[in-house]
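# show me the folded form of this:
(chains A and B)
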Amino acid sequence: MIWNPDAETADRKDMRQHQIESLRSLVEMVYNNVPFYRKKFDDAGIKPEDIVTLEDIQKLPFTTKSELRETYPYGLVASSKKDIVEVHASSGTTGTPVVDAYTEKDIDIWSDAMARTLAMAGATHKDIIQNAYGYGLFTGGLGVHYGTRRLGAQIVPISAGNTAKQIAVMKDFGTTILTCTPSYSLYLAEAAKDMGVDFRDLPLKAGCFGAEPWSNNMRNEIEEKLNLSAHDIYGLTEIIGPGVASECSEKNGLHINEDYFYPEIIDPETGEVLPEGEKGELVFTTLTRTGTPIIRYRTRDITYLFRDRCSCGRTTVKMHRLYGRNDDMMIIRGVNVFPSQIEDILVNIEGTEPHYQIILNRGEKHLDEIEIQVEVEESFFSDETKVLENLRNKISETIKSKLGINGIIKLVEPRSIARSEGKAKRVIDNRIL
Amino acid sequence: MTINQISVFLENKSGRLADVTKVLADGNINLRAMTIADTADFGILRLIVNNPDKAAQILEENGFTIRITKVLGIEIDDKPGGLHKIMELFKENGLNIEYLYASLENKNQKAVVIFKVEDVNLGLKIIESNSLVAISGKDL
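As a prediction, the model looks like this:
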């Protein structure tokens, strides 16, 4: 089922017309209502009336994640505060969180985009959707919730975690669609097996999996183990949350809800816009949002855009599944972590050298594991194991409390981590996605 | 009289111990006592050698992380209760032991046990006042 045929099967010309009209009102609105954008446009010598065609979007300056932090909490709100009805925020592990403020209209857009997403995975009003994304400031939980309500399906708002209960609920309530991170779905499969529950006996038919990178190999495994159709969904807090793009039954690229979120691919070095089919950094402009609209947000995600005659009948532009990122951010069990944060912690712990290496693995239980190899400071070395074990525990506890991740800390010999000239290779990602 | 023990930090990776023994063999160092304290991901090799200064120097030159610690080598009777006698003395005097291990030495019905104690000076006092025999590195 196509939830919103007017938008999702629109004629190219009509879509472009809608996009340029939306873009012009957007630019007008942010220029008038958000001092941050006014200053940026003024500095770039751009006035709202300079935006005439869709291609004129290239004249507008980019917005970066650090700018979103600098304007925390309400610096980018384009509507009157009384019109903001909800806020969400990124995990903020990298420092200041990024805030997304929603007006009633934004919630309406989000609900529609998520209803489309669920429908793309085959959901209808008859389905029972078990939402194992976390509810809270994280966008995953409520995004799926609103989409399910819009669709008229039944929501099971179980939120993340509590694996045994997830399985019991799935069985007892007759869940037909599961939403969670892809790695958690495999974890559920293992747990179900231990509990003697066979997915072939359950009415599950599809899953919407996102919030972390995964591959077609992992899809095959999920589909086999959970006996369902696994769909990749893409979104980010800065834009709206989930609902930006998702896979239809064809599973060949993610349809972007381009009437709401205008995509561009740029050369990350030059900022120049690349033609469809060329790989580069994904950039989004929220064409119709009014709470915290974003102009040309640099996602740091690498992909390319393409159009095909999709068998599902949708005409919206597609993005290939993500290839990776062009910064060093790691996504570990849904938590965003930069190597520099780990470095900051190590520098402040006596007995360690700021020489370290991070090794990412997807462990036996299909969950991400982070191993941090840390060089012991020569003068700190002891003939007693307890001294070194205390050091290791201290590192592990500090990382847990500051970054919210459970790292496996491995102390290694001084000078044993390869030094490289220029930028050190800090992260080795062995995760088979 | 104390002994200079050399501790070597060993990452838990295959061949690392062989790297140490090669350096010592090439430097003509004779091992008199040793033990490895191991944890899940690293080990500490503790060595008593005939020439600790030279051993320390060549290990460092070869990039090993080492530490020199003063330990006690005490001669005990090589018969049942031999070690217990020392333990009773330490207990009576409130001397805590961090770890201990046996040496390869065994002459005249005597064994030598290496003790790392919390307070070396107290250990030496106990040795002296009870007429125990402390072994120097050279004697081993």
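
# what number of residues lie near residue 99?
The chain I'm using is chain A. Counted by other Cβ atoms under 10 Å in any protein chain shown, the residues lying close to residue A:99 total 24. Heads up, the C-betas are built off the backbone N, CA and C, glycines and all.

# switch to chain B, that's the one I care about
Around residue B:99 there are 16 other residues, counting by other Cβ under 10 Å.

# which one is residue A:279 nearest to, not counting chain neighbours?
Nearest in space to residue A:279, with sequence neighbours left out and distances taken as Cβ to Cβ, 6 or more residues apart in numbering or on different chains, is residue A:304 at 4.5 Å.

# which residues touch that neighbour?
A:265, A:274, A:276, A:277, A:278, A:279, A:280, A:319, A:320 (Cβ atoms under 8 Å, 6 or more residues apart in numbering or on different chains).

# same thing but 7 Å
A:265, A:277, A:278, A:279, A:320 (Cβ atoms under 7 Å, 6 or more residues apart in numbering or on different chains).

# show me what the biggest strand by length in chain A is packed against.
For chain A, the strand with the greatest residue count under DSSP state E is strand A:352-362. Counting contacts by 3 or more Cβ pairs under 7 Å, 6 or more residues apart in numbering or on different chains; DSSP states H and E, strand A:352-362 is packed against helix A:339-347, strand A:368-376, strand A:427-429.

# of the contacts of residue A:304, which is the most crowded?
Neighbour counts for the contacts of residue A:304, by other Cβ under 10 Å, peak at residue A:265, which reaches 21 neighbours.

# name the helix or strand for whatever residue of chain B ends up closest to chain A, please.
Closest to chain A within chain B is residue B:7: 3.7 Å, counting by Cβ to the nearest Cβ. Using DSSP states H and E, residue B:7 sits in strand B:3-11.

# check which helices and strands the very next helix or strand once past that strand sits against.
Toward the C-terminus, strand B:3-11 is succeeded by helix B:16-26 as the next helix or strand (DSSP H and E). If you count contacts as 3+ Cβ pairs under 7 Å, 6+ apart, helix B:16-26 packs onto strand B:3-11, helix B:52-61.

# next, format the ones you listed as JSON lines and append mean pLDDT and mean neighbour count.
Formatted as JSON lines, the helices and strands packed on helix B:16-26 follow (pLDDT from 0 to 100; neighbours: other Cβ atoms under 10 Å in any protein chain shown):
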{"stretch": "strand B:3-11", "mean pLDDT": "93", "mean neighbour count": "22"}
{"stretch": "helix B:52-61", "mean pLDDT": "95", "mean neighbour count": "16"}
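
# out of these, which is closest to residue A:214?
strand B:3-11 (32.6 Å; Cβ to Cβ).

# need the pLDDT of the residue nearest to residue A:279.
Predicted confidence (pLDDT) for residue A:304: 97.

# measure it to chain B for me?
41 Å (Cβ to the nearest Cβ, to the nearest Å).

# repeat for residue A:335
Residue A:335 is 24 Å from chain B, where distance means Cβ to the nearest Cβ.

# hey, what's that residue bridged with?
Residue A:335 forms beta bridges with residue A:332, as assigned by DSSP bridges.
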